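> Okay, structure incoming, though there's no sequence with it:
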């Protein structure tokens, strides 16, 4: 009793085990109340409006971050990829490492099959 009154009167935080536990529970409850109001935004809500200036900035940053040669922006396959992505109306899904690896392996096997077929003819 007296310690809690003194702590309250002197704007001191009580360090008694029960008070510390109650303070932690109150903080956890406050966090739960905040979490209820937070929702993950869908991909379509994160689409950034296109502008030539923004694209130029992103392209140059990509070149620098991935140590690409400047000519990479002129490569026909890069342009094809950008043309395909530009048709997306709700953003794009970039494949992860596993999916990319699997696709490369699938394409390579298809290519080998086509080479074998041509050589057997």
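Done, it's in. Here the structure is a predicted model, which is why all the values come from computation and not from measurement. Numbers count the residues shown, from 1 in each chain.
> C-terminal to the least confident helix or strand in the chain by mean pLDDT, what's the next element?
Lowest by mean pLDDT, DSSP states H and E among the helices and strands of the chain is helix 17-37, with a mean of 74. Sequence order places helix 52-65 as the next helix or strand after helix 17-37, per DSSP states H and E.
> now the angle between helix 52-65 and the helix or strand following that next one, please.
Where DSSP H and E defines the elements, the next helix or strand beyond helix 52-65 is helix 76-86. If you take axes from the mean of the first three to the mean of the last three CA atoms, to 10 degrees, helix 76-86 sits at 130 degrees to helix 52-65.
> what about helix 76-86, average pLDDT?
Across helix 76-86, the average pLDDT comes to 91.
> Show me what that helix is packed up against.
On a contact count with 3 or more CB pairs under 8 Å, 6 or more residues apart in numbering; DSSP states H and E, helix 76-86 meets no helix or strand. Where C-beta positions appear, they are placed from N, C-alpha and C, glycine not excepted.
> quick one: that helix to chain centroid distance?
22 Å (CA atoms, centre = their mean, to the nearest Å).
> now swap in stretch 87-98 and tell me
Worked out by CA atoms, centre = their mean, stretch 87-98 lies 12 Å from the chain centre.
> Tell me the spacing between residue 111 and residue 105.
11 Å (CB to CB, to the nearest Å).
> This completes my enquiry, with thanks.
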